[in-house]
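Student: Task: produce atomic coordinates for the following.
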Amino acid sequence: MITHCPSCRTHFRVHAEQLAARAGQVRCGKCARVFDALEHLIEEIAPASAPRSTPGPDALRGDAAEAEHRAGPAATETQQVRGDAQPQAIAETASARATPPAAEAETPQETRSERALSEPAKFDTAAVNGAGAFNFGPAVTADSPKPRRRWLWLTGALLLLLTLLAQAAYQYRSTIIVLFPEAKPYAVALCASLSCDLPLPRRIELMSIEASDLQADTTNPNVMVLSATLKNRAIFNQQHPLLELTLTDVQDQPVVRRVLAPQDYLGKAVSTQAGFGANTEIAIKVFIEGSQIKATGYRLYLFYS
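Tutor: Model prediction:
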């Protein structure tokens, strides 16, 4: 079969087995285009063959006599060896006598197109790509992803991953500084450019109230004095916690509740920028006006807002 490239019009011969292996898809060796060879087949035109001369009657009689002369001894020998020859052998002998030698020698001449269909096609590789091998190229299917679209997906996924990492670093910036103290200068410089702050860690489970007491002031009975000792059990500085003081009655029901900020129990003269030191304790004392409060007990909690 002969096909041609729709781009450069190059003609070359292909095998049916080659087309079946790639569903008819081939690659042109001249322009490298992949196309369907079945859609661009070219019908082969057989050249006019020279007319054969028909043998005359005398030639046919001569050929028949010669055939009979050749078959005569064989038939005689067969009859002498086996007088009871089978009908099949007799029929074969009669057929051999009746068939002229000219019919046995040659059938009517075949055209070039018939020979091309009956014989395996010779593939001209030099005319296609000059490399001695036919290159079909990769099989083209509808489901094959395009390389450009694949790179777009990979780039988008990488950008999303970087965005997620940046958000996590911003959310846990204080913890990262605690785990990697050498990164603190870079974090401070970055927050200065982004107008953000670096809050101290707030691990309330590492804070505790070691002791507390609520008593009336010895010099002024209308004033209650809250004394407590707070401890930071972490190995790093933490933000000062808030204190919740709840005064209760004889049935342990809340009478009044107050939240104390670090400036309330440390005093306004103490700076809280450095935080609660690691593995340290602080003693606090808070004076509460209680002339109008009929309280018999209290509860004290630590928490972060």
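Student: H4 pairs with what?
Tutor: Counting by DSSP bridges, H4 is bridged to H11.
Student: which regions of this structure sit below the pLDDT cut-off?
Tutor: Counting by pLDDT under 70, the ranges of the chain that qualify are 43-147.
Student: ranges for the strands of it?
Tutor: Here the chain has its strands, by DSSP state E, at 2-4, 11-13, 25-27, 34-36, 41-42, 207-216, 223-232, 242-248, 254-260, 280-289, 297-303.
Student: These into a markdown table, with extra columns for mean neighbour count and distance to L162?
Tutor: All C-beta atoms are positioned from the backbone trio N, CA, C, and that covers glycine. A markdown table is the format used below for the strands of the chain (neighbours: other Cβ atoms under 10 Å; distance: least, Cβ to Cβ, whole Å):
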| stretch | mean neighbour count | distance to L162 |
| --- | --- | --- |
| strand 2-4 | 18 | 51 |
| strand 11-13 | 17 | 52 |
| strand 25-27 | 20 | 41 |
| strand 34-36 | 17 | 38 |
| strand 41-42 | 13 | 54 |
| strand 207-216 | 14 | 36 |
| strand 223-232 | 18 | 36 |
| strand 242-248 | 19 | 37 |
| strand 254-260 | 14 | 41 |
| strand 280-289 | 14 | 40 |
| strand 297-303 | 14 | 36 |
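Student: got a markdown table for those strands, with distance to L164 too?
Tutor: What follows is the strands of the chain, written out as a markdown table (distance: least, Cβ to Cβ, whole Å):
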| stretch | distance to L164 |
| --- | --- |
| strand 2-4 | 54 |
| strand 11-13 | 55 |
| strand 25-27 | 43 |
| strand 34-36 | 41 |
| strand 41-42 | 56 |
| strand 207-216 | 31 |
| strand 223-232 | 33 |
| strand 242-248 | 32 |
| strand 254-260 | 36 |
| strand 280-289 | 37 |
| strand 297-303 | 31 |
